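Asker: Have a look; sequence and predicted model below, questions after that.
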Amino acid sequence: MNLNNSTTTHILVVDDEYISNLIVTKYLDDCGEQVSYTVKNDGKQALDYLLECSPEGLPDYVFLDLRMPVMDGFEFLRNYAERFENNLKTRIYILTSSINQRDMDEARTFDCLSGYIQKPMNPLMLKDIIFQKA
């Protein structure tokens, strides 16, 4: 979504780590009124949230951790791919501290994935993504 118009870009942050959420939401707050966000602490909460959204209400971006309790990021991606295969609006980025090559390789198997970012995310990278420079 282009932030040069009057619409709001909505972002879903999915991570069980309080500090990571604090950092990402601080960066999002710094983007101003054109960005809104929702935070969920595991993949199940995120999937339930998405299932309650209208097609127009789906987020523009999802920043997804891999290692979470209840439903991890890979299980979320499998469920998302099945249930939202026709959703062309939402771009999903893995945001993780994992440097495991297997995680990176598995992530590449998901067509719905737009990118893989290792924590910590920096504010310029975040702005590049949501302002469509990445």
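Answerer: Nice, thanks for sending it over.

Asker: check contacts around T90.
Answerer: Contacts for T90 were tallied using Cβ atoms under 8 Å, 6 or more residues apart in numbering; they are 58-62, 84. To be clear about C-beta, it is placed using only N, CA and C from the backbone, and glycine gets the same treatment.

Asker: which among the residues you listed gets closest to R102?
Answerer: Using Cβ to Cβ, V62 is the member of those that lies nearest R102, at 21.6 Å.

Asker: The closest one contacts D15, doesn't it?
Answerer: No - with contact defined as Cβ atoms under 8 Å, V62 does not reach D15; the gap is 10.8 Å.

Asker: More neighbours: these two, which one.
Answerer: V62 (28 against 25; other Cβ atoms under 10 Å).

Asker: what bridges to the more buried one?
Answerer: L12, I92 (DSSP bridges).

Asker: measure it to M104 for me?
Answerer: 18 Å (Cβ to Cβ, to the nearest Å).

Asker: again, but for Q45
Answerer: Distance from Q45 to M104, by Cβ to Cβ: 25 Å.

Asker: try Y93
Answerer: 13 Å.

Asker: Make a markdown table out of the contacts of T90 and add distance to P123 and pLDDT.
Answerer: Listed next are the contacts of T90 as a markdown table, based on distance: Cβ to Cβ, whole Å; pLDDT from 0 to 100:
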| residue | distance to P123 | pLDDT |
| --- | --- | --- |
| L58 | 25 | 94 |
| P59 | 19 | 96 |
| D60 | 18 | 94 |
| Y61 | 15 | 96 |
| V62 | 18 | 97 |
| F84 | 28 | 89 |
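
Asker: Scan the residues you listed and report the most crowded one.
Answerer: V62 leads those on contacts (other Cβ under 10 Å) with 28 neighbours.
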